[in-house]
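Asker: With the input below, show me the fold.
(one chain, ligands or ions: 1)
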Amino acid sequence: MSVPTRPTHHCAALDLEHAGSGVVLMGWVERIRDLGGLLFLDLRDYRGVTQIVVRPGSGPAAVAKRLGAWWVVAVEGVVLAREAETVNPTIDTGRIEVEAQRIHILSEARTPPFPPTDSEGVAEELRLRYRYLDLRNPRLQRNLRIRGRLAAEIRGHLDDHGFLEVETPFLTRSTPEGARDYLVPSRVHRGRFYALPQSPQLFKQLLMIGGTDRYYQIVRCFRDEDLRADRQPEFTQVDVEMSFADPEQVIEVTEGLFQRALGAVGIEVTPPFPRFTYRQAMDRYGVDRPDLRYGAEIRDLTELARGTGHPLLDRVLEAGGSVRGIAAPGCAGFSRKRLDGLQAAAVEAGAGGLLWAAFRDGEVRSPLLKTLGADRLRTLLEAAGGGPSDLLLMVAGEARTACEALGALRRQLAASEGWTSPDQFAMAWVTEFPLFDHSEAEGRLTSVHHPFTSPHPEDVDRLATDPLSVRSLAYDVIANGHELGGGSIRIHNRAMQQRVFEALEIPPAEAAERFGFFLEALEYGTPPHGGIALGFDRIAMLASGSASLRDVIAFPKTTSATDLMTGSPAGVDSSQLDEVGVALAKGRTEADDD
Ligand code: ASP
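Answerer: Down below sits the predicted model:
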């Protein structure tokens, strides 16, 4: 009896039109039910499940009795329509079953440490240790399919728009994205190290100098950052660069990319996406990646709050401060305890305190009622865009701090009051980010994006005199309060690059040592250029409605950057270390415990 080598159908393919045909199915035996002689097997493959029925006394009955869960079998049989009362509407193949004529065991299986398709509640450590079993879960299979579809559509879109996929090196020099590098020691050049790229930034710019006018790559990047929830040390970017481009063009190509890729997985987004300058985003939402699925925008109430006789307000306003507010819809009934909670959250976000007024059934409840009066409070509420049964929340102080605190409250309320639905997909752009930020830790300016970002042409003359006021030609694309990607128009001449390095206090010798090859290249005729990089894992996470990046990466690492399945990072033989000329410092390494 020859064993079939391939199936005629996958396990989600059969329906009534196949009734009466002979088929071969292959898959895992997910479940076996013995109904007093009649045996039912749930046969699962990467697509779905088909019920196999084995009649007592039939040829395959003896084989079927030996089977264990998750053994791999080939079933030869005939498709039968199920009786009406046994139809199972929860599976694609629920109207049929396959009566087995022969069963061939292709692989036996140990009992898995958890049921792969029913692993809810199983500790994630265990699932990651046996990732190949967890991957059998239809949820993860679906996620990988969505991810694959997105990648295919992104490639299609960029290819249609004349972008060329070019690979850039992984063994390279340090790149300036602001995180730590993963280092790879060289055996041939003992004592020297490659760095894994944090992004292909300089290579893609060099490709523009080299005459590739439109480049893209779906590329792995590596950043050795401190432990943070839902970060992966290696992650995937859709990296794009184009010559002779202004921000409009980058934005247009990117919007089309999202429309096509997300559309292919059932999410509709329609360009043009709303745009905010960084300044507007901070003023209206208190954050540079606002969630636009809900309102409660921050409003400037400064003028309306003048001259109230309220000591705090008067003091803040006299000192040049401002009053900002939001109206939280339907929150007028909040208890004292909830209001105290909001107050604490505002203080944690930097505010000196929180002022509030609740409007319900024509009544106003507020600690400000005595000093400000009901009419003034109502005017403030209306100016904040609120109405009956809303809660007015105000912060008085320095404008940026007030906005950031209200932004934090806005997000907290959205989460607690269920203002969002995961099905909505609200995309937008934030443009004109500041070029520099001041780093307390380093006591100098740092780049908000990276040092190759072009300053805004209108602000260039303030580079040396008032660098913190200089805007950049950088933009971020955001969705539902997440940053999905960012990019910029780049500096394309060496003199300007030098000025930015000076503002960053990067000494010429250090610039030459780190980026000399690139600075030199800028002198050989550099087309103006710009681009963007999109966080592909995050896009897949949102598109699949997943809660974690680990759910959309086939073999992810834990938040502490370990791979529980392969056991990496791992110690290596001392001979291997000798070869690359590396010695471990005693007393400081985990390797000492190995
Ligand atoms: N290289 C940048 C990043 O990885 C993106 C870009 O400027 O294109 O964030």
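Asker: in the longest strand anywhere in the chain, what counts as buried?
Answerer: Ranked by residue count under DSSP state E, the longest strand found in the chain is strand 22-35. Under the neighbour-count criterion of 16 or more other C-beta atoms under 10 Å, strand 22-35 has 23-32 buried. To be clear about C-beta, it is placed using only N, CA and C from the backbone, and glycine gets the same treatment.
Asker: quick one: D300 and S322 touch, right?
Answerer: Yes: here D300 reaches S322: they are 6.5 Å apart, a contact under C-beta atoms under 8 Å.
Asker: tell me what the helix ranked longest in the chain is packed against?
Answerer: Scanning the chain for the helix with the most residues, using DSSP state H, yields helix 138-160. Here helix 138-160 touches strand 164-165, strand 214-222, helix 247-264, helix 536-543, going by 3 or more C-beta pairs under 8 Å, 6 or more residues apart in numbering; DSSP states H and E.
Asker: quick one: which of these is nearest the ligand?
Answerer: The ligand lies closest, by C-beta to the nearest ligand atom, to one member of those: strand 214-222, at 6.6 Å.
Asker: Could you check how far F235 is from the ligand?
Answerer: Distance, F235 to the ligand, using C-beta to the nearest ligand atom, to the nearest Å: 10 Å.
Asker: State the phi and psi torsions of that residue.
Answerer: With angles defined as degrees, to the nearest 10, F235 sits at phi -140, psi 170.
Asker: Report how many residues lie close to the closest residue in space to it that isn't next to it in sequence.
Answerer: Using C-beta to C-beta, 6 or more residues apart in numbering and skipping residues adjacent in sequence, the residue nearest F235 is D537, 5.3 Å away. By other C-beta atoms under 10 Å, the residues close to D537 number 20.
Asker: Around R365, how many other residues sit close by?
Answerer: The tally of other residues near R365 (other C-beta under 10 Å) stands at 17.
Asker: Enumerate the residues of the stretch 1-150 of the chain near the ligand.
Answerer: For the stretch 1-150 of the chain, no residue is in contact with the ligand (C-beta under 6 Å from any ligand atom).
Asker: where are the low-confidence patches of the stretch 1-150 of the chain?
Answerer: Along the stretch 1-150 of the chain, the model assigns pLDDT under 70 to residues 1.
Asker: Which single residue of it ends up nearest the ligand?
Answerer: L150 (18.5 Å).
Asker: Ok, the stretch 51-200 of the chain next?
Answerer: Of all residues in the stretch 51-200 of the chain, S199 sits closest to the ligand, with a separation of 3.4 Å (C-beta to the nearest ligand atom).
Asker: Can you list phi and psi of that residue for me?
Answerer: The phi/psi pair for S199 (degrees, to the nearest 10) is phi -170, psi 160.
Asker: near the ligand, which residues of the stretch 301-450 of the chain show up?
Answerer: Residues of the stretch 301-450 of the chain lying near the ligand (C-beta under 6 Å from any ligand atom): none found.
Asker: What's the first helix or strand after the helix or strand harbouring L106?
Answerer: Under the criterion of DSSP states H and E, L106 resides in strand 96-107. As assigned by DSSP H and E, the chain's next helix or strand after strand 96-107 is helix 124-129.
Asker: which residue packs closest to the residue of the stretch 1-150 of the chain closest to the ligand, ignoring adjacent ones?
Answerer: A261 (4.8 Å).
Asker: Isn't that neighbour up against E153?
Answerer: Yes: proximity of A261 to E153 meets the contact threshold set by C-beta under 8 Å, at 4.1 Å.
Asker: between these two, which one's more packed in?
Answerer: Between A261 and E153, counted using other C-beta under 10 Å, A261 has the larger neighbour count: 27 against 19.
Asker: coming back round to it: what count of nearby residues applies to the residue of the stretch 1-150 of the chain closest to the ligand?
Answerer: 25.
Asker: and it, what is it in contact with?
Answerer: Listed by C-beta atoms under 8 Å, 6 or more residues apart in numbering, the contact set of L150 reads 261-262, 264-265, 536, 539-540, 543.
Asker: P388 too?
Answerer: 332, 359-360, 362 are the contacts of P388 under C-beta under 8 Å, 6+ apart.
Asker: Now secondary structure and neighbour count too, for the residues you listed, in JSON lines please.
Answerer: Output for the contacts of P388, formatted as JSON lines (DSSP: H, G, I helix; E, B strand; the rest coil; neighbours: other C-beta atoms under 10 Å):
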{"residue": "A332", "secondary structure": "coil", "neighbour count": "23"}
{"residue": "F359", "secondary structure": "strand", "neighbour count": "22"}
{"residue": "R360", "secondary structure": "strand", "neighbour count": "14"}
{"residue": "G362", "secondary structure": "coil", "neighbour count": "7"}
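Asker: any idea which of these is closest to the ligand?
Answerer: For the contacts of P388, the nearest to the ligand is A332 (42.6 Å; C-beta to the nearest ligand atom).
Asker: what's the nearest residue to T453 if we skip its chain neighbours?
Answerer: Excluding the flanking residues, the one nearest T453 by C-beta to C-beta, 6+ apart is S488, at 4.1 Å.
Asker: distance between the strand or helix carrying the one you found and the chain's centre?
Answerer: Using DSSP H and E, S488 falls within strand 482-489. Here strand 482-489 is found 12 Å from its chain centre; the criterion is C-alpha atoms, centre = their mean, to the nearest Å.
Asker: do stretch 382-392 as well
Answerer: Centroid separation for stretch 382-392 versus its chain: 34 Å, with C-alpha atoms, centre = their mean.
Asker: Ok, stretch 84-101 next?
Answerer: 39 Å.
Asker: Can you give the contact residues for that stretch?
Answerer: For stretch 84-101, the surrounding residues in contact (C-beta under 8 Å, 6+ apart) are 11-16, 18-19, 22-23, 25, 40-41, 43, 48-55, 58-60, 64, 75-82.
Asker: Ok, stretch 316-324 next?
Answerer: Residues outside stretch 316-324 that contact it (C-beta under 8 Å, 6+ apart): 298-302, 304-306, 313, 394-399, 402-403, 406.
Asker: Pull out the buried positions in it.
Answerer: Here stretch 316-324 shows 316-317, 321-324 as buried, counting by 16+ other C-beta under 10 Å.
Asker: ok, now stretch 50-58?
Answerer: 50-54, 58.
Asker: Repeat that for stretch 222-232.
Answerer: Within stretch 222-232, the residues scored as buried using 16+ other C-beta under 10 Å are 222-223, 232.
Asker: Report the contact partners of V500.
Answerer: Neighbour list for V500: 435, 447, 451, 455, 463, 491 [criterion: C-beta under 8 Å, 6+ apart].
Asker: In helices, which of those residues fall?
Answerer: Judged by DSSP H, helices contain none of the contacts of V500.
Asker: three-state assignment of P388?
Answerer: Following DSSP: H, G, I helix; E, B strand; the rest coil, P388 is assigned to coil.
Asker: Ramachandran angles for it?
Answerer: phi -60, psi 140.
Asker: Could I get the pLDDT score of it?
Answerer: Confidence at P388, expressed as pLDDT, is 92.
Asker: distance of Y524 from the ligand?
Answerer: 21 Å.
Asker: and the closest residue to that residue other than its chain neighbours, what does it touch?
Answerer: Nearest residue to Y524, sequence neighbours excluded (C-beta to C-beta, 6+ apart): I209, at 6.5 Å. For I209, the contacting residues are 521-522, 524-527, by C-beta under 8 Å, 6+ apart.
Asker: when you check those residues against the helices, which ones overlap?
Answerer: Per DSSP H, those map to helices at 521-522.
Asker: Mark which of the contacts of I209 are buried, thanks.
Answerer: 521-522, 526.
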